[in-house]
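Trainee: quick one: sequence plus predicted model below, questions after.
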Amino acid sequence: MEILHLEGTEDTPKIILDKKNGIFEISGRSLPEDSAEFYRPVLEWIGQYSSDPNPTTDFVFKLEYFNTASSKLILDVLSALEDIKGMKILWYYHEDDEDMQEAGQEFSELVEIPFEFKTY
Amino acid sequence: MDFIYNLHRTMLSQNLILVYQGDFTQETTKSILAMAERNLDSSGEESSIKRKVFNVMVEALQNIVKHSDELIDGQMRSHAAIFLIGKEANRYSIMTGNPIRKSNVEKLNQALTHINSLDKDGLKELYKNIIKNTTISEKGGAGLGFVDMARKSGEKLEFAFPEMNSEYCFFCLKVNVPRESGE
């Protein structure tokens, strides 16, 4: 399966989705002008991956900041991951960033996927 | 030339650290964010406060970008909106002003009044309800911006709709971010 790799910019996150090496990560800042357009390839990639996933998947969210339009798309991403067996979300937040911690907790209440919280 | 000095004095007396009027696009949004971020960094502001200010700024600016097409009159459109940041000893204020059709005032007024009627838990519930049930609008919004601003601010949103002309009001919004962290 092809690797999806997008370098981060000042308003879009870095994304690596690499089945072979088991790297699944969205990190940095997410405030794109058109969040639906930006996350479309991510959702498409997950759609393909879900038909033949690895036995276990640790999907990393390590976001410094995201806007509300992105939060809706992050929920869409999580919903797409929800039915994949062996899925776990690793939600990273900066140790003094309560808002990011709370955001992760809220997402974890909205989908049926185990979340592990980690600070950095 | 008095207006230059007057404007300068107004900015000082109102504790404004940044004023921008003009076109609002994603590009100007990024520039304004970068400028404000440098300002917050150089003043050594606490990182949790910085993040909240940044957060509110993004939502406020992107609101303007998404709705700046509301003015059909081409001439007014290019300089239609204003964005300001104030800094006082105990708080930052993020302020915006942009034209809105009179027909949209009531709906916006109701939405903001409802947000202001909610406490912390109520806002959280509203946020979760919207994010579960919303789809991204044509303009790219999720309908969460004001709720998020209210949550990050921890204070009531201040707003007013002074009349511009027979068709438009000027939507003024002020969001305060307290500088003392902690509950």
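Mentor: Thanks, I have it. Here the structure is a predicted model, which is why all the values come from computation and not from measurement.
Trainee: which secondary structure elements does the helix or strand where residue B:40 lies contact?
Mentor: Element membership of residue B:40, judged by DSSP states H and E, is helix B:26-42. If you count contacts as 3 or more CB pairs under 8 Å, 6 or more residues apart in numbering or on different chains; DSSP states H and E, helix B:26-42 packs onto strand B:16-22, helix B:47-67. C-betas here are computed from N, CA, C, even on glycine.
Trainee: so of these, which one's packed in deepest?
Mentor: helix B:47-67 (a mean of 22; mean count of other CB atoms under 10 Å in any protein chain shown).
Trainee: give me the mean pLDDT for that helix.
Mentor: On average, the pLDDT along helix B:47-67 is 91.
Trainee: that one to helix B:26-42, inter-axis angle?
Mentor: 160 degrees (axes from the mean of the first three to the mean of the last three CA atoms, to 10 degrees).
Trainee: circling back: I'd like the helices and strands packed on helix B:26-42 laid out as CSV, including distance to chain A.
Mentor: Shown next, in CSV, are these (distance: least, CB to the nearest CB, whole Å):
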stretch, distance to chain A
strand B:16-22, 17
helix B:47-67, 5
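Trainee: residue B:143 is nearest to which of those?
Mentor: Closest of the helices and strands packed on helix B:26-42 to residue B:143 is helix B:47-67, at 10.9 Å (criterion: CB to CB).
Trainee: which other residues reach the helix holding residue B:40?
Mentor: The contact list for helix B:26-42 (CB atoms under 8 Å, 6 or more residues apart in numbering or on different chains) reads A:10-11, A:33, B:17-18, B:20, B:22, B:50, B:53-54, B:57-58, B:61-62, B:65, B:83, B:85.
Trainee: and stretch B:43-53, by the same measure?
Mentor: Contact with stretch B:43-53 is made by A:65, A:94, A:96-99, B:36-37, B:40-41, B:85, B:92, B:94, B:152-153, B:177, B:179, B:181, as judged by CB under 8 Å, 6+ apart.
Trainee: kindly report the same for stretch A:16-34.
Mentor: Against stretch A:16-34 from outside (CB under 8 Å, 6+ apart): A:1, A:3-5, A:8, A:10-15, A:38, A:42, A:45-46, A:49, A:53-54, A:57-67, A:69-70, A:74, A:77, A:92, B:26, B:58, B:62, B:65, B:140.
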